[in-house]
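Visitor: task: produce atomic coordinates for the following.
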Amino acid sequence: MIDRFRRGVSPAGGFTLALLLMVGGCGYLPSGALEGEPAPIPANWSAVAAADVIRFETNPAAPYSVELWVIGVNDVLYVHAGDNRTNWVEHIEADANVRLQAENLVYELRAERVADAGEFKSFADVYEEKYGWRPRNENVAEAYLFRLIPRA
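Guide: Coordinates of the predicted model:
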């Protein structure tokens, strides 16, 4: 099986596959501050949650943005890094202020790590419904799942 895969991938295709895996499969390299129209927090996040991918910014002192999948559960938005301690996870641990861009609108939020197994299960159920499979690691103590809330 592996030999058949190796024979079927050109060097350019292998490079592209490796690059996509490095950036989380979204095809977007990390960059700086998000640009868009500042927007008030909506009463309902369903339009944002319907998007497959959003742009997400951490580290306000030196903005760092990535593209991520987004999940909405009961008017709460979540972003998930699995059990990968990514740069954006480390940034949130240092400063929980984040920004989210959907379409051309930018929302000012805070990220809170989810520690409740029941909340994680609700997230994982919607994740599976939206993307067709469950998160690889559903251990809430090992996975980095963040709920996005309005800044105080």
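Visitor: got the residue ranges for the helices in this structure?
Guide: Per DSSP state H, the chain carries helices over the ranges 2-8, 11-22, 46-50, 87-94, 117-131.
Visitor: check contacts around residue 38.
Guide: Residues near residue 38 by CB atoms under 8 Å, 6 or more residues apart in numbering: 105, 106, 108. For every residue, glycine as well, the C-beta is placed using N, CA and C.
Visitor: same check, this time on residue 92
Guide: Counting by CB under 8 Å, 6+ apart, residue 92 makes contact with 58, 98, 111, 113, 146.
Visitor: also residue 56?
Guide: So residue 56 contacts 65, 66, 67, 68, 79, 88, 98, 99, 100, 101 (CB under 8 Å, 6+ apart).
Visitor: as a markdown table, these with neighbour count and distance to residue 117 would be great.
Guide: Listed next are those as a markdown table, based on neighbours: other CB atoms under 10 Å; distance: CB to CB, whole Å:
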| residue | neighbour count | distance to residue 117 |
| --- | --- | --- |
| 65 | 23 | 30 |
| 66 | 22 | 26 |
| 67 | 20 | 28 |
| 68 | 21 | 22 |
| 79 | 24 | 18 |
| 88 | 25 | 23 |
| 98 | 23 | 24 |
| 99 | 20 | 29 |
| 100 | 25 | 25 |
| 101 | 20 | 30 |
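Visitor: can you add pLDDT and give these back as a markdown table?
Guide: What follows is the contacts of residue 56, written out as a markdown table (pLDDT from 0 to 100):
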| residue | pLDDT |
| --- | --- |
| 65 | 96 |
| 66 | 96 |
| 67 | 96 |
| 68 | 95 |
| 79 | 96 |
| 88 | 96 |
| 98 | 98 |
| 99 | 98 |
| 100 | 97 |
| 101 | 97 |
